[in-house]
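[1] Pasting the sequence and the predicted coordinates here, then a few questions.
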Amino acid sequence: MKNSYTKKEQYYGDYLGLDKILNAQFPESEARGVDAHDEMLFIIIHQAYELWFKQIMHELDSILELFGQEEINDNSSTLQVATHRTNRIVEIWKLLVSQVTVLETMTPMDFLDFRDLLAPASGFQSFQFRKLEAKIGLKMKSRHEACYYQYQLRKEDIKGITELEGEDSLLDLMDKWLKRIPFWNNEFWQDFEVPEGASTDLHPFWATYRHIYQSGLIGAELKSIDMSDFDSLFFGKGGVSTRLSPESCQTALFITLYRDNPLFQVPFQFLSKWLEIDELMASWRYRHMSMVRRMIGMRIGTGGSSGANYLKGAMEKHHIFSDFTRLTTYLIPRAKLPELPVALKEKMRFVDL
């Protein structure tokens, strides 16, 4: 059957839908005959945020699809593609943080010209951003002042977020991926020597590593670092709650420690990029909080939240990859890293062509 498709002659404005985009700004002040020059800037900045959120979602959905596979082959392009797209999200978030600077050219008096016309609309109501948080791994029960969502968001938006929480988030899929990596099979550790004084009820590597780490604590660290936290994070022994499984924490630390190994370089970059995104999202919230304090002081937000105080709480509480950041507490110098068994080194080599 002959292909009936006829190539359409594109024109710049038509292809980009500029008629819709450039005519999608409707300042409320203009409609009411109020002089508020900076409302146009306010609208365009927030519309630009939503467009970038859409692009981040586009990249994230593709990463979720890649990590949703039953098996991820480290010799395939899967991790490289996921890391490349994650890096794009990093660069977009850098742009979103810097975009606050443009909004800060608006003074508090400029904002007051139209602020009262916005209520009860609020950036809190960005459904795209709330979906983005949920897809990465932020649960409603972990959100700061979760009660706000019940009266600030529409019922269909709350339902959409709740439904997303029933699916595997990126954090869930990363946990499954890390748990599947078979570093700890006994076949690789038959000839591994555990130092005297190390635990006898742990895996040989972790008995050794725990012993080296604890022996290296000095001064005030001996009092400030509780080894029961180490045991909670990596072995599930203790009362410290974690989002990731102990097996995943072990693998993530192992990748970080031996990241110079060629097989670990891309997984290490992938994990590091998501830690950077977590940090950039916190930086964005901090810039937003600082700007709100400058603009409205301690007044409540237009949507009814506590304004700057809410943003401060969200900045401190909404770290999705906090388990990964805790790993750095338990790093040791390269010179003290245990020598890996030959059998495991062979397993970690790329397949010869």
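    Everything's here; your move. Quick caveat: nothing in here was measured; it's all calculated off a predicted structure.

[2] alpha carbons only for contacts and neighbour counts from here, please
    Fine.

[3] Worst mean pLDDT across the helices and strands of this structure, which element?
    Lowest on mean pLDDT, DSSP states H and E among the helices and strands of the chain sits helix 147-152, with a mean of 76.

[4] for it, the distance to its chain's centre please.
    The chain centre lies 23 Å from the centre of helix 147-152; the measure is C-alpha atoms, centre = their mean, to the nearest Å.

[5] Next: stretch 19-28.
    Worked out by C-alpha atoms, centre = their mean, stretch 19-28 lies 32 Å from the chain centre.

[6] Tell me the spacing between the residue nearest to residue 281 when sequence neighbours are not counted and residue 104.
    Distance criterion C-alpha to C-alpha, 6 or more residues apart in numbering; nearest residue to residue 281, sequence neighbours excluded, is residue 93 at 7.2 Å. Applying C-alpha to C-alpha, to the nearest Å, the value for residue 93 to residue 104 is 18 Å.

[7] Likewise for residue 269?
    33 Å.

[8] do residue 215 as well
    Taken as C-alpha to C-alpha, the span from residue 215 to residue 104 is 50 Å.

[9] any low-confidence regions in the chain?
    1-5, 74-75, 301-307, 350-353 (pLDDT under 70).

[10] longest helix anywhere in it?
    For the chain, the helix with the greatest residue count under DSSP state H is helix 262-296.

[11] ok, residue 269 and residue 104, which is more surrounded?
    Looking at residue 269 and residue 104 with other C-alpha atoms under 10 Å, you find the greater number of neighbours at residue 269, namely 20 against 15.

[12] so what's the residue nearest to that one when sequence neighbours are not counted up against?
    Nearest non-adjacent residue to residue 269, counting by C-alpha to C-alpha, 6+ apart: residue 83, 6.9 Å away. Counting by C-alpha atoms under 8 Å, 6 or more residues apart in numbering, residue 83 touches 266, 269-270, 273.

[13] from these, which is closest to residue 36?
    Using C-alpha to C-alpha, residue 273 comes nearest to residue 36 of the contacts of residue 83, at 40.5 Å.

[14] tell me, what residue is most central in the protein?
    Residue closest to the mean C-alpha point of the chain, counted by C-alpha atoms, centre = their mean, is residue 278 at 4.1 Å.
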